[in-house]
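Asks: No letters, just coordinates:
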């Protein structure tokens, strides 16, 4: 060995030693060790949660078979008697165990022992690896469903890079702009306007595509209510309660054209994402994290979907805004969680949409319980809040009924409110098994336990801590939707609150206050790659197709007019004239998948008690819905041309996966002891007359 | 007597935990749902599970071999009455997909969870009798505190 080589080796050894010393110094820093301990605790709890959930569920499903519910007239009932209950029980147990850990262990442990420090890092690596296996693969990774063919790879990748580049550009530009403008008020106005503009452009869908099937769940009940029927008592509503009543009021007062509802949903999307940005910014005080948070939420909750998000009404802001607004009020008004005004807001928001309302109520009650465990509020206050909440709910219900009474409507039958929920939750209609059990959904649990551990560790609670706890509870209860209906796509729908809680936590952990600019940059880069680039890369094939379609639709002349208006007009102009001239009754029977839209187009009222007919699931539903039809046995009815053998396919606007109309026609004919024969037909519909 | 009982119960719980380690250890098996047979005649590929052909051991048994041969020869999934002649030569190759169930990390967490549950029960009884935690409980709590703080 030459002298030079020898010296080189000595230099390398020296350099390595210095380097190793530096690493050792960093790794044994007390602050870092505390952080590792914090992550360890959340990881252990999450891993045990997932292990117990999968093992117990497997055991229960193998040993206790759920009885198949009878009475459904179409397939789709797959009862999952254990999933939601087990999930909630484990969440409750996890919180209680975390409480016990922090109530009976000491905070003041020193990290001096070498083997303990080693064990800490080994534990971190072990549980991280284990949790990584529990996360499985990214939901619908590189899956191009429902499209049959992906775009050419270079074009897909170009759109992916362009999207990430745009996100990065806006994050950097707005962050610099925020530094340049010194006056607080001007800065807020400029930044807010810019962010609103960006969200509006990103979420704008030319011609506002809408799926007829999903919109009919809202538009159907609205039509019935403005024609004198009472929600739930007379007409079933799958999702909406106050939301349907609110839309009915707007429509009645001619403040909104229901066919412009997709445009209204676009505005709600802008509001929803802007609130997310506002909340992260206000809680973290960091513009970069809030912008990364905003683009991350849009990337997962909006751009990872396989359809235009606003085209399906119930998955977006109409469902989630009532859960987001209470958080906004907590932050904006610095309102206390146990104040009367906040309890009133919770009571009112709970009635907006039934299932998100239940999630909101459970989140609030659970938050109060955790605050009580933490001794932030005493037993008297906690019980007081629950009583006030119960009174608030009763008051809102009474108020809605009172208004119904004044306006001459029947009162709402409380028992019928939960009938659809009973069919969906208890009988398992529309439920989907969580398969594979290892999925990215478990990030929800990890973020939740991170928050809970953070909360129980914090000695002096401030308002922000309670807000993040409430957000984490909302994320856990909003996720029940996925536990029941575990299609991987639904993870994107519920991701909103999980990401919100995650970014709140990132800010509260003090990452933004790092003095070292490189450390801050490292954190920002990791967040950008982990929460924007990673999800979008996994879904970029479908995103590219949707964005390409969007750009093509931009070339249309009327980009601000919903496309379904012209589609429905074009499809049914002849039929509308035919119905108006041939069926003179005000209340008519339209047996078509497009029943909701045909009622709007013809202005005719519905003789059935369901609108749309998709909500009819059982024989009891049929009998209940058709009670007036059976009494009157109308002379003429309108029906899909396939019902009378006058066409092979009617090409309805609303795509169907099950035709209830033949069963409905059979029921009418059987009960009225008659046969309806076609009198006049078009290529979509027929008018049929009683044959006597 | 107390100490003997204490040691004995811990021995039982450690045995159970080791049992869980064995039960949850990674197992590789033939995934009949994803495996397929390739017919030598025309290179046609048929999925095994959906066509009612299954392999449970190292190699295909006679019954399933017959079904596979008939599928390749006649394109029939089920020969209910066993009326068709089984081709005398093997006319297919197997395209086996192996799937691994569970993992060593999963096995360790299973053993860990069982041990913790057992320990909680033992220590709770020990606490009721002696008004203090046993040696294992104390040491575990000590390490756990250091791991998470």
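Replies: Ah, there it is. This one's a predicted model, so the numbers in the text were calculated from it and none came from an experiment.

Asks: Around chain A, pick out the residues from chain B.
Replies: B:103, B:105-106, B:108-110, B:113, B:141, B:143-149 (CB under 8 Å from any CB of the partner chain). (Each C-beta comes from the backbone N, C-alpha and C, glycine too.)

Asks: when you check the residues you listed against the helices, which ones overlap?
Replies: B:105-106, B:108-110, B:113, B:141, B:143-148 (DSSP state H).

Asks: JSON lines for those residues, including pLDDT and distance to residue A:69?
Replies: Putting those into JSON lines (pLDDT from 0 to 100; distance: CB to CB, whole Å) gives the following:
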{"residue": "B:105", "pLDDT": "83", "distance to residue A:69": "39"}
{"residue": "B:106", "pLDDT": "85", "distance to residue A:69": "34"}
{"residue": "B:108", "pLDDT": "90", "distance to residue A:69": "40"}
{"residue": "B:109", "pLDDT": "89", "distance to residue A:69": "36"}
{"residue": "B:110", "pLDDT": "91", "distance to residue A:69": "34"}
{"residue": "B:113", "pLDDT": "91", "distance to residue A:69": "34"}
{"residue": "B:141", "pLDDT": "88", "distance to residue A:69": "48"}
{"residue": "B:143", "pLDDT": "86", "distance to residue A:69": "50"}
{"residue": "B:144", "pLDDT": "87", "distance to residue A:69": "45"}
{"residue": "B:145", "pLDDT": "86", "distance to residue A:69": "49"}
{"residue": "B:146", "pLDDT": "85", "distance to residue A:69": "52"}
{"residue": "B:147", "pLDDT": "85", "distance to residue A:69": "47"}
{"residue": "B:148", "pLDDT": "87", "distance to residue A:69": "45"}
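
Asks: Counting neighbours, which of those end up buried?
Replies: Taking 16 or more other CB atoms under 10 Å in any protein chain shown as the criterion, what is buried in those is B:105, B:106, B:108, B:109, B:110, B:113, B:141, B:144, B:145, B:146, B:147, B:148.

Asks: Using TSV, lay out these together with distance to residue A:365.
Replies: Shown next, in TSV, are those (distance: CB to CB, whole Å):
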residue	distance to residue A:365
B:105	36
B:106	34
B:108	36
B:109	31
B:110	33
B:113	29
B:141	32
B:144	30
B:145	31
B:146	35
B:147	32
B:148	28
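
Asks: Show me the strands in chain B, by range?
Replies: Taking DSSP state E, the strands of chain B run over residues B:27-30, B:36-39, B:45-47, B:92-95, B:98-101.

Asks: So for residue A:331, which of these sits nearest?
Replies: Comparing those against residue A:331 with CB to CB, the closest turns out to be strand B:98-101 (45.9 Å).

Asks: who touches that closest one?
Replies: Contact with strand B:98-101 is made by B:26, B:27, B:28, B:29, B:30, B:31, B:34, as judged by CB atoms under 8 Å, 6 or more residues apart in numbering or on different chains.

Asks: what's the answer for stretch B:5-22, then?
Replies: B:107-108, B:110-112, B:114-115, B:118-119, B:122, B:126, B:134, B:136.

Asks: Let's see that with 10 Å instead.
Replies: A:55, B:104, B:107-119, B:121-123, B:125-126, B:129-130, B:134-137 (CB atoms under 10 Å, 6 or more residues apart in numbering or on different chains).

Asks: residues of it that come out buried?
Replies: Buried residues in stretch B:5-22, counted by 16+ other CB under 10 Å: B:6, B:9, B:10, B:13, B:17, B:20, B:21.

Asks: Now do the helices in the stretch 301-450 of chain A.
Replies: Under the criterion DSSP state H, counting those that start in this stretch, helices of the stretch 301-450 of chain A are mapped to A:317-332, A:340-349, A:354-373, A:379-406, A:414-417, A:419-421, A:443-457.

Asks: do the last one and chain B meet?
Replies: Which is helix A:443-457. Yes. Counting by CB under 10 Å from any CB of the partner chain, chain B is contacted by helix A:443-457 at A:453, A:457.

Asks: For residue A:361, the count of nearby residues, please.
Replies: 17 (other CB atoms under 10 Å in any protein chain shown).

Asks: pretty sure it contacts residue A:389?
Replies: Yes. If you go by CB atoms under 10 Å, residue A:361 and residue A:389 touch, sitting 7.5 Å apart.

Asks: who touches both of the two?
Replies: A:346, A:347, A:350.

Asks: what's the distance between the residue nearest to the first one when sequence neighbours are not counted and residue A:323?
Replies: Spelled out, it's residue A:346. Nearest residue to residue A:346, sequence neighbours excluded (CB to CB, 6 or more residues apart in numbering or on different chains): residue A:364, at 5.1 Å. Distance, residue A:364 to residue A:323, by CB to CB, to the nearest Å: 10 Å.

Asks: Quickly list what's touching both of the two.
Replies: With CB under 10 Å, 6+ apart as the test, residue A:364 and residue A:323 both reach A:349, A:350, A:474, A:477.

Asks: Please parse chain B into its domains.
Replies: Using automatic domain parsing, the domain parsing of chain B gives B:2-26+B:104-148, B:27-101.

Asks: How far away from the center of its chain is the shortest one?
Replies: Okay, so that is domain B:2-26+B:104-148. 24 Å (CA atoms, centre = their mean, to the nearest Å).

Asks: Same check on the longest one?
Replies: Using CA atoms, centre = their mean, the distance from the centre of domain B:27-101 to the centre of the chain it belongs to is 23 Å.

Asks: what packs against the helix or strand harbouring residue A:54?
Replies: Using DSSP states H and E, residue A:54 sits within helix A:30-63. Judged by 3 or more CB pairs under 10 Å, 6 or more residues apart in numbering or on different chains; DSSP states H and E, helix A:30-63 is in contact with helix A:3-27, helix A:83-104, helix A:114-135, helix A:443-457, helix B:104-130, helix B:135-148.

Asks: mind running it again at 7 Å?
Replies: On a contact count with 3 or more CB pairs under 7 Å, 6 or more residues apart in numbering or on different chains; DSSP states H and E, helix A:30-63 meets helix A:83-104, helix A:114-135, helix A:443-457, helix B:104-130, helix B:135-148.

Asks: residues in contact with the last one?
Replies: When contacts are taken as CB atoms under 7 Å, 6 or more residues apart in numbering or on different chains, the neighbours of helix B:135-148 outside the stretch itself are A:37, A:40-41, A:105-106, A:109, A:116, A:119-120, A:123, B:10, B:119, B:123, B:133.

Asks: For the residues you listed, which single residue is the most surrounded?
Replies: Using other CB under 10 Å as the neighbour test, those are led by residue A:41, with 26 neighbours.

Asks: Any regions of chain A where pLDDT drops low?
Replies: Across chain A, the ranges flagged by pLDDT under 70 are A:1-2, A:70, A:76, A:107-112, A:426-427, A:511-514, A:692.

Asks: who in it is up against chain B?
Replies: Counting by CB under 7 Å from any CB of the partner chain, the residues of chain A close to chain B are A:34, A:37, A:40-41, A:47-48, A:51-52, A:105-107, A:109, A:116, A:119-120, A:123, A:129-130, A:133.

Asks: residue ranges of the helices in the stretch 151-300 of chain A, please?
Replies: Under DSSP H, counting those that start in this stretch, the stretch 151-300 of chain A gives helices at A:153-180, A:184-203, A:212-226, A:242-252, A:261-284, A:287-301.
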